[in-house]
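Trainee: structure of the sequence below:
(one chain, ligands or ions: 1)
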Amino acid sequence: MEQYLAEGEIGDKAQEIRGWCAGCANGQEAYTLAMTMEDAHLTGSLKKPYKLWASDISQKAIQTATKGVYPMAEYVRLPANWRKAYMHLLPNGCEVRKNIKQNLNFKQENILLPDQTRGKFDYIFCRNVLIYFDEVTYKKLLKIFWDSLQPDGYLF
Ligand SMILES: C[S@@+](CC[C@H](N)C(=O)[O-])C[C@H]1O[C@@H](n2cnc3c(N)ncnc32)[C@H](O)[C@@H]1O
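Mentor: Coordinates of the predicted model:
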């Protein structure tokens, strides 16, 4: 991701970089993307603000994701600089800091339903979700992604 930002391939003309994490489960993937974007701010490869939409069909998963509270086992897997900059410790775990949470918008939704309110995205991440769908559903979702991307957007 940082490579694409550094090369100026994403969101060249946009005021802000908009990303969508489709099928975000408990939020780890979306927070990882936000931390990568924050790093890009720090290194100067990204100068624009960014926003991330993250959606999952599971209300429980979205509640967990919104809280951003995880067990210590998740904390120790993070790089040391991310722990310091983007997390704070709790008595029995850790929580994602506000500087990361403020750029994320978690929503419970079925990603198979087109939603005009989402708007267009510069990039979409959809990891380990398409594998659950049959071919018809898979193609339907790819069409939704296509329609949701900016003309020069990326699907990962
Ligand atoms: C294996 S998890 C992947 C989570 C995350 N992308 C990752 O790689 O860490 C698949 C997720 O897709 C969600 N999902 C499945 N069908 C969905 C749908 N139609 N709309 C939104 N989310 C869906 C599930 O609830 C689950 O949280």
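
Trainee: gap between the residue lying closest to residue 130 once chain neighbours are set aside and residue 155?
Mentor: Distance criterion CB to CB, 6 or more residues apart in numbering; nearest residue to residue 130, sequence neighbours excluded, is residue 138 at 5.5 Å. Where you see a C-beta, it was placed from the backbone N, CA and C, and this is true even at glycine. Going from residue 138 to residue 155 by CB to CB, to the nearest Å gives 13 Å.

Trainee: for residue 31, same thing?
Mentor: On the measure of CB to CB, residue 31 and residue 155 end up 20 Å apart.

Trainee: more neighbours: which of the two?
Mentor: residue 31 (26 against 15; other CB atoms under 10 Å).

Trainee: which residue is the nearest non-sequential neighbour of that one?
Mentor: residue 96 (5.4 Å).

Trainee: wait, the one you found sits on residue 86?
Mentor: Yes. Judged on CB atoms under 8 Å, residue 96 makes contact with residue 86 at a distance of 6.5 Å.

Trainee: shared neighbours of the two, anything?
Mentor: residue 31 (CB atoms under 8 Å, 6 or more residues apart in numbering).
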